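**Q** Kindly generate the corresponding structure for this input.
(chains A and B)
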Amino acid sequence: MSAKTDQLVEQVRGSRVWRSIFRSGTGNSTLHRALAIQQNIFLHLFATKVRKRMVRFSATWYLGTLTLGTFFILVITGILLMLYYHPSVPQAYADMKDLQFVVSSGLFLRNLHRWSAQLMVFLVFAHMFKVFYRGAYRAPREFNWVIGVVLLVITLLLSYTGYLLPWDQLAFWAITVGSNLSSAVPLVGNKIHFLLLGGNQVNANALLRFYVFCPLQRFSSSPFTSGVFARTAAFTFNSRNQSRVHRTSPRST
Amino acid sequence: MSDPKDFVAGIDSDQRRSPTRVVFVTRRTSAQVKVTQEDQVQTFPEVLFRAALAIELLAIALVLFSLFFNAPLEGIADPTHTPNPAKAPWYFLGLQELLHYFPPVVAGVLVPTLLILSLVVIPYFNVNIEANGLFLRDRTKRLRLFYLTALGMLVFLLAFKVYVAAAPTVIVALAMIVAAYSSPESPSRLRRYLALKPLAYWIMTWFLFELIVLTAVGTWFRGPGWSWVLPWRS
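**A** Predicted coordinates:
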C-alpha cells in the first residue's frame, strides 16, 4: 500500500466514529488482537488464542465453519425467496414457475437455496462423525456434543419443512411419506399427525404450517448454531489453561 | 483406579543407580496434564481469516453449482395421483428402507428415538476416552461375546430378510475379526490401526456404514413398489 492509503487508513482508525465502534482500538499488537475477539459480541465465544496444530485443515476439515457458511447462504437466499412466495395452494407452485421464468435470477436463487440446504444436512452429519472420531466430545465438552445432536435434529426438521414449499409432486409425496410415520407413534400418533399437518393429509394448512416453521426453526437455531460453532472452535482450538487428559496408549504420540 | 497394580515398584531401587526415575506411568493410566506448552496463534486474524476464506470458497462453489444444475421441480402436487415409488427426502431414505422390512412403529419411531438417545449419551459414558483396543484386554471373553453378538445380529437381519443392512454388518464384523487377530506392534499399518480401536469406534463405524448403505440403496436402487432396480438401467 502506498504511504497515502496507509495514512488514510490510520486516519479512519483514529476517527471518533471508528473508535466508538471498536472501543479497544485496533492495531497489530497481541493485546489489540485479543481484545478484538474478547470485546466483539459475536466473536467473544472464541478463545483469543488457538493451538497451532488445530488450525491445520486435517484437524477439523472446516466442517463446522462450512456448515455455518451454508447457514448464512440459506438465510440470505431464504429471505429473498420469501419475497416471491405465497404459502397457498396452488399459488405456491405458480410462484416456483415465476421464479423460473419471470423473476430475474429467480431460478438461480432457488437453486442456491436448495443445494445449500442439501449440503448443510450432509455437512452436519459429516461434522458429527468427525467430532466423534476426533474424540472432541470428551470432558469438558460433553454438553457441546448434546447441543450438536439437537442441532442435527433441527437441521433435519427445517430441511424437511422446506421440502414441502415448492408444492410439486416430489414435495407433496415426500412429506406424505414422512409425516405418515408420525401416525405410528403409539397412542397419540394420529393426534401428532394432525397437529403436524393441520389436517388428516397434506393440504393447504400443512403448507402454511411448514412455511411458518421453516424460517422459525432457522431463527431459533441461529444463536444455537453460531454458539456451537464458536464454542467448538474455542474448545477444540483450546484456550491455554484448559486441563486436558492426554491419552496414553501403547502407541500414543 | 480399582484395577490391581500390574507393575511392581523396585523395592531396592537405588537412587545412585536410577537417579532419574520420577514417576511410574503404566500402560493403562493417563497422565493429567495441567498446562501444555504448545505453539499458539491469535484467533484474530489467523483463525477468522481462514474461516472467512473457507466460507467464501464454499459460496463460490455453491454459486457455480447452482448456475449449472437446476433444483428438481416436478408437476404440481396432485393428491389423487401417487407416484410409484413415493420417496421421502434423501436423508430419511435410510429410515424408509427400514420401513420396507419392519413395521412403522419400529422403523419410524423406535429406531430414530433410540438413535438420537444413544447419540446424546455418548459423552456421558466415557465412551472412547482411552484408546484401548477392544480385544487387548479380557481377550477370550470379549472374543466370545463379539462372535455371539455378530452372529445374533446376522441371524436377526437374515430372518427379516434385511440383506441390505446385513452387508455392512458383515464388513464391519470382518474388520473386527482382523483387529482381534492383529497386534498393536504389527508391522502392517492397517492392522496396528485396527488393533487399537475401542468398542465405541466399532459401533459408530457400523452405524456410519449402515447409514451410507441404506441411504444409497433407498436413493438409487429402489424403484416401483420399492423393488430392487439398477440406477443405470432406466
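**Q** which residues of chain A fall in strands?
**A** In chain A, strands defined by DSSP state E lie at A:49-51, A:244-246, listed in chain order.
**Q** B:Ser182: what secondary structure?
**A** Under the three-state scheme (DSSP: H, G, I helix; E, B strand; the rest coil), B:Ser182 adopts coil.
**Q** Quick check, central residue of chain A?
**A** Centroid-nearest residue in chain A, with CA atoms, centre = their mean: A:Phe71, separated by 3.7 Å.
**Q** Which strands and helices lie in contact with the helix or strand containing B:Thr140?
**A** Using DSSP states H and E, the element containing B:Thr140 is helix B:139-159. Judged by 3 or more CB pairs under 8 Å, 6 or more residues apart in numbering or on different chains; DSSP states H and E, the packing partners of helix B:139-159 are helix B:163-180. C-betas here are computed from N, CA, C, even on glycine.
**Q** Now do the helix it packs on, average pLDDT.
**A** The average pLDDT for helix B:163-180 rounds to 93.
**Q** for that helix, packing partners?
**A** Helices and strands touching helix B:163-180, by 3+ CB pairs under 8 Å, 6+ apart, are helix B:139-159, helix B:189-195, helix B:199-220.
**Q** neighbouring contacts of that helix?
**A** B:97-98, B:133-135, B:139, B:143, B:146, B:150, B:153-154, B:157-158, B:191, B:194-195, B:197, B:202, B:205-206, B:209-210, B:212-214, B:217 (CB atoms under 8 Å, 6 or more residues apart in numbering or on different chains).
**Q** switch the cut-off to 6 Å
**A** For helix B:163-180, contacts defined as CB atoms under 6 Å, 6 or more residues apart in numbering or on different chains pick out B:135, B:143, B:150, B:153, B:157, B:194-195, B:202, B:206, B:209-210, B:213, B:217.
**Q** Any chance of the helices and strands packed on helix B:163-180 in a markdown table with mean pLDDT as columns?
**A** Putting the helices and strands packed on helix B:163-180 into a markdown table (pLDDT from 0 to 100) gives the following:
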| stretch | mean pLDDT |
| --- | --- |
| helix B:139-159 | 93 |
| helix B:189-195 | 90 |
| helix B:199-220 | 93 |
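**Q** B:Asn70: which of these is closest?
**A** helix B:199-220 (18.5 Å; CB to CB).
**Q** quick one, the closest one and helix B:139-159 angle?
**A** 20 degrees (axes from the mean of the first three to the mean of the last three CA atoms, to 10 degrees).
**Q** rewinding a little: do you know how far the residue nearest to the centre of chain A is from A:Ala117?
**A** Distance of A:Phe71 to A:Ala117, computed by CB to CB, to the nearest Å: 10 Å.
**Q** before we move on, what about A:Leu156?
**A** From A:Leu156 to A:Ala117 the distance is 11 Å (CB to CB).
**Q** neighbour count winner among the two?
**A** The neighbour count for A:Leu156 versus A:Ala117, taken as other CB atoms under 10 Å in any protein chain shown, is higher for A:Ala117 (24 against 17).
**Q** What confidence value was assigned to B:Lys34?
**A** In this model, B:Lys34 carries a pLDDT of 57.
**Q** scratch that, A:Ser226 is what I was asking about
**A** Value listed for A:Ser226 in the pLDDT field: 58.
**Q** Please apply the same query to B:Met1.
**A** You'll see B:Met1 listed with a pLDDT of 47.
**Q** burial of A:Ser105, as a residue count?
**A** As a measure of burial, A:Ser105 has 13 neighbours, counting by other CB under 10 Å.
**Q** Model confidence at it, what's the number?
**A** Per-residue pLDDT puts A:Ser105 at 93.
**Q** Could you do A:Trp145 as well?
**A** At A:Trp145, the model reports a pLDDT of 87.
**Q** Next one: it from A:Leu151, what distance?
**A** A:Trp145 sits 10 Å away from A:Leu151, going by CB to CB.
**Q** In terms of neighbours, single out the busier of those two.
**A** Set A:Trp145 next to A:Leu151 and count neighbours by other CB under 10 Å: A:Trp145 wins out with 23 against 20.
**Q** thinking that one is in contact with A:Tyr137, fair?
**A** Yes. Counting by CB atoms under 6 Å, A:Tyr137 is a contact partner of A:Trp145 at 3.6 Å.
**Q** and for those two, which residues touch both?
**A** Contact with both A:Trp145 and A:Tyr137 is made by residues B:Pro123, according to CB under 6 Å, 6+ apart.
**Q** What is the burial count for the closest residue to A:Val124 other than its chain neighbours?
**A** Nearest residue to A:Val124, sequence neighbours excluded (CB to CB, 6 or more residues apart in numbering or on different chains): A:Thr155, at 4.9 Å. Neighbour count for A:Thr155, taken as other CB under 10 Å: 24.
**Q** cool, and A:Ile175?
**A** The burial count for A:Ile175: 27, using other CB under 10 Å.
**Q** Correct me if wrong: it contacts A:Val202.
**A** Yes. Using CB under 6 Å, A:Ile175 is in contact with A:Val202, at 5.3 Å.
**Q** residues from the stretch 1-150 of chain A in reach of chain B?
**A** Neighbours of chain B within the stretch 1-150 of chain A, by CB under 6 Å from any CB of the partner chain: A:33, A:36-37, A:46, A:48-52, A:62, A:65-66, A:69, A:93, A:96, A:108, A:110-112, A:114-116, A:121, A:129, A:132, A:135, A:137-138, A:142, A:145-146, A:149.
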